[in-house]
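Engineer: A structural model of the following input is requested.
(one chain, ligands or ions: 1)
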Amino acid sequence: MKTYECDVVVVGGGPGGSMAAKYCSLGGLNTIMIEKKAEIGSPLRCAEGVSKKWLEEVGITPDPAWICADMVGAVIRSPSGHTFKLDESKAGSEVGYVLERHLFDKALARQAAEAGAKIMLRTAATGVIKENGKLAGVKARSMGEAIEIRAKAVVAADGFESQLARWAGIDTSLKLNDICSCIQYRMTNIDIDPEYCEFVIGSSVAPGGYLWIFPKGKGAANVGIGVMGTRCKNGEAKTYLDKFVATDPRFRNAQSLEIVGGMVSTCPGLECAVDDNIILVGDAARIIDPITGGGICHACRTGMYAGKVLVEAVSKGDLSKKALMPYEKMWRDRMEDKLYRNWMAKERLAELDDATIDELVKLISGSDIEEVNVYNLLRVIKERFPKVVEGFEELI
Ligand SMILES: Cc1cc2nc3c(=O)[nH]c(=O)nc-3n(C[C@H](O)[C@H](O)[C@H](O)COP(=O)(O)OP(=O)(O)OC[C@H]3O[C@@H](n4cnc5c(N)ncnc54)[C@H](O)[C@@H]3O)c2cc1C
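Structural biologist: Residues are numbered from 1 along each chain as shown. Below is the predicted model of the structure:
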């Protein structure tokens, strides 16, 4: 059997994996990133919306090659059609670019390769190698052949309900309540404002989640929905989306070019995202915003943190859980409060009926929010509907 040796093997070539591979390589580590698919970033499983603020933080320069549309604002719509339109000055950090995600992911993988990482496509991890009870790499199938990749450390960047982490003994399974089932159409021939992202909320529209319209240029958009796992039986997310599309006149002549399905976790991150010789990043560690389902920036940040911590740990020759704990501190210091707050908010908002959501949208549209983000919206809600934020007021 063919065997590879390296310092770090990264499993998964999404944003989390590429960033981890890049930062490991920049620090001089011999790094291999494996990806089970034949192409980085494809097939698409994403609405492609990101804010702009975090890119600099993780060292990514915006590039027109992977930016499909630059948003000037956002619209929040209630079930009965009340809208709250945020113009450019107020759109703030929650609004930004709609990506060409397949190109974005490739650009990140390219940066990892340029930093020195070896990328192996069509290479799926199938298990872990353990030696004397310690994690010592991964077993994989590469181009149909069984191989082994021996490594000092493994990065689990294999996304939702990480299998790799489970093989390593970390439980990443999720409760139905903590999952949103998503489906999206790439639509054309639609009559939407190409400069505004739209979010439609309400239990009759998207129970426990929301419906999105993210423009992809004039007359085209990603139109999708996420519905809480406990609120939808098999295939029901599609029923809700089809109902919306069928009744909204803007989609009268719509045609679909692509259908995308997927799952997002909507709970706070894993209790601990490190163990001896392993770090979990991005969706694998459930580090994703529980209210928006946005996880690209979190995957990039955690990938970067993992790379930096691994460089330090390898240089000291200690890859124990204790030695990798600085990674836990880094992501928790940066994101934990926000993830927890947004998880609580998601739980409460999921309980509200359409009439209350209508009231909330009317309320926020009449308020004087300087910059719109989840935090500022919750502050207004706290003032007028304190019950909604009971139990986590101190985080607002
Ligand atoms: C429908 C939908 C819409 C979304 N919309 C948005 C959005 O608009 N904005 C946003 O910020 N986030 C969005 N997200 C979330 C976002 O896509 C994820 O948070 C992000 O991709 C996480 O990056 P990651 O690198 O952790 O995991 P992923 O991007 O999931 O990458 C994991 C990679 O691992 C590979 N892999 C899995 N198993 C193995 C294996 N055994 N061996 C080798 N490779 C393996 C997979 O093929 C995949 O390429 C959306 C998600 C869904 C499902």
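Engineer: how about the residues of the stretch 1-150 of the chain near the ligand?
Structural biologist: By C-beta under 6 Å from any ligand atom, the part of the stretch 1-150 of the chain that sits against the ligand consists of 11-17, 34-37, 45-50, 124-125. From N, CA and C alone the C-beta is placed, and that goes for glycine too.
Engineer: Now which of those residues would you call buried?
Structural biologist: Using 16 or more other C-beta atoms under 10 Å as the burial test, those include 11-17, 34-36, 45-50, 124-125 as buried.
Engineer: List the ones among those residues that fall in helices.
Structural biologist: The helices in this structure, assigned by DSSP state H, contain 15-17 from these.
Engineer: for the stretch 151-300 of the chain, what spans make up the helices?
Structural biologist: With helices called from DSSP state H, counting those that start in this stretch, the stretch 151-300 of the chain shows them at 163-167, 236-247, 296-316.
Engineer: The shortest one - contacts with which helices or strands?
Structural biologist: Pointing back at helix 163-167 there. Contact here means 3 or more C-beta pairs under 8 Å, 6 or more residues apart in numbering; DSSP states H and E; on that basis helix 163-167 packs against strand 123-131, strand 145-156.
Engineer: Distance to Ala115 and mean pLDDT added to the ones you listed, as CSV?
Structural biologist: Below are the helices and strands packed on helix 163-167 laid out as CSV (distance: least, C-beta to C-beta, whole Å; pLDDT from 0 to 100):
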stretch, distance to Ala115, mean pLDDT
strand 123-131, 19, 98
strand 145-156, 14, 98
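Engineer: JSON lines for those, including distance to Glu336?
Structural biologist: JSON lines is the format used below for these (distance: least, C-beta to C-beta, whole Å):
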{"stretch": "strand 123-131", "distance to Glu336": "27"}
{"stretch": "strand 145-156", "distance to Glu336": "19"}
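Engineer: Pick the most buried one from these.
Structural biologist: Of all the helices and strands packed on helix 163-167, strand 145-156 carries the top mean neighbour count, a mean of 22, counting by mean count of other C-beta atoms under 10 Å.
Engineer: so is the closest residue to Lys22 other than its chain neighbours in a helix, a strand, or just coil?
Structural biologist: Of all residues not flanking Lys22 in the chain, Ala112 sits nearest, at 4.1 Å (C-beta to C-beta, 6 or more residues apart in numbering). With DSSP: H, G, I helix; E, B strand; the rest coil as the basis, Ala112 sits in helix.
Engineer: can you list the domains in this structure?
Structural biologist: As assigned by automatic domain parsing, the chain contains the domains 2-45+103-174+270-336, 69-98+176-265, 346-395.
Engineer: okay, the ones you listed in TSV with distance to Val58 next?
Structural biologist: Formatted as TSV, the domains of the chain follow (distance: least, C-beta to C-beta, whole Å):
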stretch	distance to Val58
domain 2-45+103-174+270-336	5
domain 69-98+176-265	14
domain 346-395	19
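Engineer: now, of those, which is deepest in the fold?
Structural biologist: Between those, domain 2-45+103-174+270-336 has the highest mean count of neighbours, a mean of 21, where neighbours are mean count of other C-beta under 10 Å.
Engineer: Pull up the distance across that one, start to finish.
Structural biologist: Start and end residues of domain 2-45+103-174+270-336 are separated by 41 Å (C-alpha to C-alpha, to the nearest Å).
Engineer: Does Ala124 touch Lys36 like I think?
Structural biologist: Yes: proximity of Ala124 to Lys36 meets the contact threshold set by C-beta atoms under 8 Å, at 3.6 Å.
Engineer: Just tell me which of the domains of the chain ends up closest to Pro62.
Structural biologist: Nearest to Pro62, of all those, is domain 69-98+176-265, at 7.3 Å by C-beta to C-beta.
Engineer: what about that closest one, how long is it end to end?
Structural biologist: 26 Å.
Engineer: before we move on, what about stretch 206-217?
Structural biologist: End-to-end distance for stretch 206-217, by C-alpha to C-alpha: 25 Å.
Engineer: contacting residues around the residue nearest the centre of the chain?
Structural biologist: Of all residues in the chain, the one closest to the mean position by C-alpha atoms, centre = their mean is Gly295, 1.8 Å from it. Residues in contact with Gly295, defined by C-beta atoms under 8 Å, 6 or more residues apart in numbering, are 264, 282-283, 287-289.
Engineer: what's the answer for Gly159, then?
Structural biologist: 12, 14, 282-284.
Engineer: could you dump those to CSV with distance to Phe199?
Structural biologist: Converted to CSV, these look like this (distance: C-beta to C-beta, whole Å):
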residue, distance to Phe199
Gly12, 28
Gly14, 24
Gly282, 23
Asp283, 21
Ala284, 26
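Engineer: Can you tell me how far the residue nearest to Ser320 when sequence neighbours are not counted is from Lys322?
Structural biologist: Distance criterion C-beta to C-beta, 6+ apart; nearest residue to Ser320, sequence neighbours excluded, is Asp276 at 5.4 Å. Distance, Asp276 to Lys322, by C-beta to C-beta, to the nearest Å: 9 Å.
Engineer: ditto for Asn376
Structural biologist: Remark: distance between Asn376 and Lys322 (C-beta to C-beta) = 39 Å.
Engineer: What's opposite the closest residue to Lys52 other than its chain neighbours in the beta bridge?
Structural biologist: Leaving aside its sequence neighbours, Lys52 sits nearest to Gly96 (C-beta to C-beta, 6+ apart; 4.0 Å). Legend: beta-bridge partners of Gly96 under DSSP bridges are Ser51.
Engineer: where's the residue of the stretch 51-200 of the chain at minimum distance from the ligand relative to Phe385, distance?
Structural biologist: Closest approach between the stretch 51-200 of the chain and the ligand, counting by C-beta to the nearest ligand atom: Gly159, at 2.9 Å. From Gly159 over to Phe385 the distance is 35 Å, taken as C-beta to C-beta.
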